[in-house]
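Chemist: Please work out how this folds:
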Amino acid sequence: MSDSLTSEWRYVPTATAHEAGGRIGALPAAIRPVGAAGATLCGPAHTVLCGQRDNLALHHAFALAPPGAVVVCQTGGCFEAGYVGEVMVRAALARGLAGLVIDGCVRDAEAIAASGWPVFARGLSVRGTTKDPSLAQAQGCRLRFCGDGGSVDVDPGDLVLGDADGVVVVPRPRAAEVLAASHAREAAEREIFTRLGEGETTPDIYGLPPLGG
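Modeler: Numbers count the residues shown, from 1 in each chain. Got it, this is the predicted structure:
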């Protein structure tokens, strides 16, 4: 994905991208920003699968991912461990990585907040991790996130957006199309705001049906 296309995405809200793309790419709502309020992220995915309660693959991902990448990690369904802490955040900052999305927990919350580096996780856990090369792990693989809203696949290079509402992934082949649709949606919403200010109601604007009963 080109740097210019990524930069155009930087100010598109996750909800806008999700709706404009046909309600695509919303990761489980449990994955939330950790640390600084107002944290956002935007960049191509570098995907990694960790072993359960093991962060060896994440250490290598932080060393291998190119500057500007968002490291997207799954943990084999084992959430209760602090897969990333202050040392790894400092490593990521030194590498110029754009952020982390992890289907698991992290630790050193105060250090993460102070760093300003965008981390989106299921929560916090003080539990430590192993570094066992015998466990199932992979770099640059397809990841599947499952939740009440269905499943979302994340491939290397897909666009990852994160803000206070959560995380949305836009498939790389659709990035330009969904960006254009996002701009059109934002323009339409600005028109709606004008009409609301002039006294119209949302049932009028959207042509909503009357209540039953």
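Chemist: Dead centre of this structure: give me the residue that sits there.
Modeler: residue 167 (3.4 Å; C-alpha atoms, centre = their mean).
Chemist: Verify the stated contact: residue 40 with residue 118.
Modeler: Yes. Taking C-beta atoms under 8 Å as the definition, residue 40 is a contact partner of residue 118 at 6.4 Å. All C-beta spots, glycine's among them, are computed from the backbone N, C-alpha and C.
Chemist: Same drill for the two, tell me which one is more crowded.
Modeler: residue 118 (25 against 18; other C-beta atoms under 10 Å).
Chemist: secondary structure class for residue 145?
Modeler: Following DSSP: H, G, I helix; E, B strand; the rest coil, we place residue 145 in the strand state.
Chemist: Kindly apply the preceding question to residue 76 instead.
Modeler: Using three-state DSSP, the structure places residue 76 in coil.
Chemist: For it, give me its contacts.
Modeler: When contacts are counted by C-beta atoms under 8 Å, 6 or more residues apart in numbering, residue 76 touches 49, 50, 51, 52, 136.
Chemist: and which of the residues you listed is nearest to residue 200?
Modeler: Minimum distance to residue 200 across the contacts of residue 76 is 49.9 Å, recorded for residue 49 (C-beta to C-beta).
Chemist: ok, the nearest residue to the closest one once chain neighbours are set aside to residue 46 distance?
Modeler: The shortest distance from residue 49 to any residue other than its chain neighbours is 4.5 Å, reached at residue 138 (C-beta to C-beta, 6 or more residues apart in numbering). Distance, residue 138 to residue 46, by C-beta to C-beta, to the nearest Å: 12 Å.
Chemist: and what of residue 98?
Modeler: 10 Å.
Chemist: and the residue lying closest to residue 112 once chain neighbours are set aside, how many neighbours?
Modeler: Once flanking residues are discounted, residue 112 sits nearest to residue 35: 4.1 Å by C-beta to C-beta, 6+ apart. Per other C-beta under 10 Å, the neighbour tally for residue 35 reads 21.
Chemist: again with residue 116
Modeler: Other residues near residue 116 come to 12 when the count uses other C-beta under 10 Å.
Chemist: Next up, phi/psi of it, please.
Modeler: Main-chain torsions, residue 116, degrees, to the nearest 10: phi 80, psi 0.
Chemist: before we move on, the earlier item: could I get the contacting residues of the residue nearest to residue 112?
Modeler: Listed by C-beta under 8 Å, 6+ apart, the contact set of residue 35 reads 109, 112, 113, 114, 115, 116, 117, 119.
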